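Colleague: Dropping a prediction and its sequence here:
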Amino acid sequence: QVQLVESGGGLVQAGDSLRLSCTASGRTFSSSTMGWFRQAPGKERVYVARIGRSSGPTLYADSVKGRFTISTDNTKNTVYLQMNSLKPEDTAVYYCAAAAPGSMTYVYWGQGTQVTVSS
């Protein structure tokens with residue numbers, strides 16, 4: 001059974017940093033594109049960042065560019081999201097996701113981790 005488990009969320013103040021982790025089990029995801037998404041209260045889930053297979057190219061939403069960094073540790077089957085200079089508008093539930101190999105369709109999702117940024 002494939003599982004993605006996020007961790008690292010919490011309550012921080014504006015300007016602080018957090019690092020989210022997403023550890024996969026059940027299969028290796030080194031050949032998959034991995035992504036982070038977030039969903040704020042009352043809003044739709046939106047894309048935040050992605051990284052290509054085997055720690056390939058990265059891409060970020062404009063709202064987080066220059067502040068967030070996505071990375072992977074394939075030895076730990078883990079993808080990270082380093083979030084710096086956090087803003088209240090970053091408050092959301094953050095989800096990691098894995099695409100099917102060779103695809104950009106995300107088929108595996110974690111349960112989410114809450115990030116709350118106070119002003």
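Modeller: Right, received. Where do you want to start?
Colleague: List the residues that contact residue 116.
Modeller: 10-12, 91 (Cβ atoms under 8 Å, 6 or more residues apart in numbering). Just so you know, the C-beta spots here come from the backbone N, C-alpha and C atoms, and that holds for glycine as well.
Colleague: cutoff 6 Å now
Modeller: By Cβ atoms under 6 Å, 6 or more residues apart in numbering, residue 116 lies in contact with 11, 91.
Colleague: Tell me how far it lies from residue 25.
Modeller: 27 Å (Cβ to Cβ, to the nearest Å).
Colleague: Same question for residue 44.
Modeller: Distance check for residue 44 against residue 25: by Cβ to Cβ, it reads 28 Å.
Colleague: Which of the two has more residues huddled nearby?
Modeller: Per other Cβ atoms under 10 Å, whichever of residue 44 and residue 25 has more neighbours is residue 25, with 12 against 7.
Colleague: Just list whatever residues bridge to the more buried one.
Modeller: Here residue 25 sits in beta bridges with residue 3, going by DSSP bridges.
Colleague: close enough to count as contact, it and residue 5?
Modeller: No - with contacts defined as Cβ atoms under 6 Å, residue 25 does not count as touching residue 5, sitting 7.5 Å away.
Colleague: how about the strands in the chain?
Modeller: 3-7, 10-13, 18-25, 34-39, 46-51, 58-60, 68-73, 78-83, 92-99, 106-109, 113-118 (DSSP state E).
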